[in-house]
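[1] predicted model follows, preceded by the sequence.
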Amino acid sequence: MSIVVEGLSKYFDTQKAVDQVSFRAEKGEILGFLGPNGAGKTTTMKMLCGYLTPTAGTATVCGYDIINQPLMVRKHIGYLPEHNPLYEEMYVREYLNFVASIHKIANKQERIEEVIELTGLTREVNKIIGTLSKGYRQRVGLAQAILHDPEVLILDEPTSGLDMNQLADIRQLIRNLGKEKTVIFSSHIMQEVESLCDRVIIINEGILIADDPIHILRNKMEGVQVIHLEFTEAVADTAAFKKIKGVTEVRPHLNTLQVNAHAHIEVRPELFKLCVQSGLTLIEMHKTEQNIEAIFRQLTKSEANA
């Protein structure tokens, strides 16, 4: 087992950031780590990497204790923080050479060239890091995280700032790395989580509220249906939609509405009737399967209101 976490907690004075979180992750698994802002995701990741000391609980990475053997833990982890810290005055190749020296990589130059190609940095290696776009800085950060070929990768928002082409490249890289390594990554892009992850952990207000493969998580949330409505114009007032029996949430965006409702109540006839009464021109109405975004919102909202 690559990662074993048991009752991990972290307090900042009287503020509880992480509260008795427990989970495990195996080699060859890509684990999505989700939660609202301030939920405790980054704090948990920093504890696993040895940057923060837990208030209580234990965790091991590749069999090494994060408190008693922090240097051994760091040797086996590649970490890309949310706010990617780089030496901006250094050239890309120079920086990677510096990182490789810290890790005492034997075949240093060969490994640097391999990682440059893997992360798509070939055209940028002779540039100063400070002149790079945000997307390419993310690539440099990912390059340093995988340079020493760690068994575990912890990536906090690894695709932040990437354009669509870069997103596709980095997602494929993470997918390939996940075949042989343990990958934990957080993301606010739910489609990304759904396409990449074998399993999802959701944390809210420091408490672990879900730990399941995505298909099992969907089965647990079968009590919710998601209905999408598209109009010729934006809907100015959604209050009437929220009053329909069975509707739990209405989310407007431009000329569309996403309506969440209890699965056992058929709300579409009432939705259609309201559209006619309100003089709205309905172009399309369709019901979709539960996606990870709807599940995430439902779980975190339920826990917050509990």
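    All right, it came through fine. Numbers count the residues shown, from 1 in each chain.
[2] walk me through the domains of this structure.
    Partitioning the chain according to automatic domain parsing yields domains covering residues 3-213, 223-289.
[3] which of the ones you listed sits closest to residue 296?
    Go through the domains of the chain one by one with C-beta to C-beta and the one that ends up closest to residue 296 is domain 3-213, at 5.9 Å. Where C-beta positions appear, they are placed from N, C-alpha and C, glycine not excepted.
[4] low-confidence regions, this protein specifically.
    Confidence mapping of the chain against pLDDT under 70 gives the ranges 1, 219-223, 289-291, 302-306.
[5] now the domains of the chain in CSV, with mean neighbour count and distance to residue 300?
    As requested, those are arranged in CSV below (neighbours: other C-beta atoms under 10 Å; distance: least, C-beta to C-beta, whole Å):
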stretch, mean neighbour count, distance to residue 300
domain 3-213, 18, 5
domain 223-289, 14, 12
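[6] my read: residue 163 touches residue 138, true?
    No: proximity of residue 163 to residue 138 does not meet the contact threshold set by C-beta atoms under 8 Å, at 10.9 Å.
[7] where do the helices sit along the chain?
    When assigned using DSSP state H, the helices of the chain occupy the ranges 41-49, 70-75, 92-102, 108-118, 134-146, 164-177, 190-196, 214-220, 239-242, 268-277, 292-305.
[8] I'd like these laid out as JSON lines, including distance to residue 127.
    Shown next, in JSON lines, are those (distance: least, C-beta to C-beta, whole Å):
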{"stretch": "helix 41-49", "distance to residue 127": "28"}
{"stretch": "helix 70-75", "distance to residue 127": "28"}
{"stretch": "helix 92-102", "distance to residue 127": "6"}
{"stretch": "helix 108-118", "distance to residue 127": "12"}
{"stretch": "helix 134-146", "distance to residue 127": "8"}
{"stretch": "helix 164-177", "distance to residue 127": "16"}
{"stretch": "helix 190-196", "distance to residue 127": "27"}
{"stretch": "helix 214-220", "distance to residue 127": "39"}
{"stretch": "helix 239-242", "distance to residue 127": "51"}
{"stretch": "helix 268-277", "distance to residue 127": "54"}
{"stretch": "helix 292-305", "distance to residue 127": "36"}
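[9] of all these, which one is nearest residue 183?
    Ranking those by their distance to residue 183 (criterion: C-beta to C-beta) puts helix 164-177 first, at 6.0 Å.
[10] give me the contact list for that closest one.
    Applying C-beta atoms under 8 Å, 6 or more residues apart in numbering, the external contacts of helix 164-177 come out as 30, 118-120, 135, 138-139, 142, 146, 153, 155, 158-159, 162, 183, 185, 192, 195-196.
[11] 7 Å instead?
    Counting by C-beta atoms under 7 Å, 6 or more residues apart in numbering, helix 164-177 makes contact with 30, 118-120, 135, 142, 146, 153, 158-159, 162, 183, 185, 192, 196, all of which sit outside it.
[12] surely residue 57 touches residue 4?
    No: contact status for residue 57 versus residue 4: not in contact, 11.0 Å apart, counting by C-beta atoms under 7 Å.
[13] check contacts around residue 234.
    Residue 234 sits next to 254-255 when contact means C-beta under 7 Å, 6+ apart.
[14] next one: residue 210
    Under the criterion of C-beta under 7 Å, 6+ apart, the contact partners of residue 210 comprise 200-202, 217, 299.
[15] how about 6 Å then?
    202, 299 (C-beta atoms under 6 Å, 6 or more residues apart in numbering).
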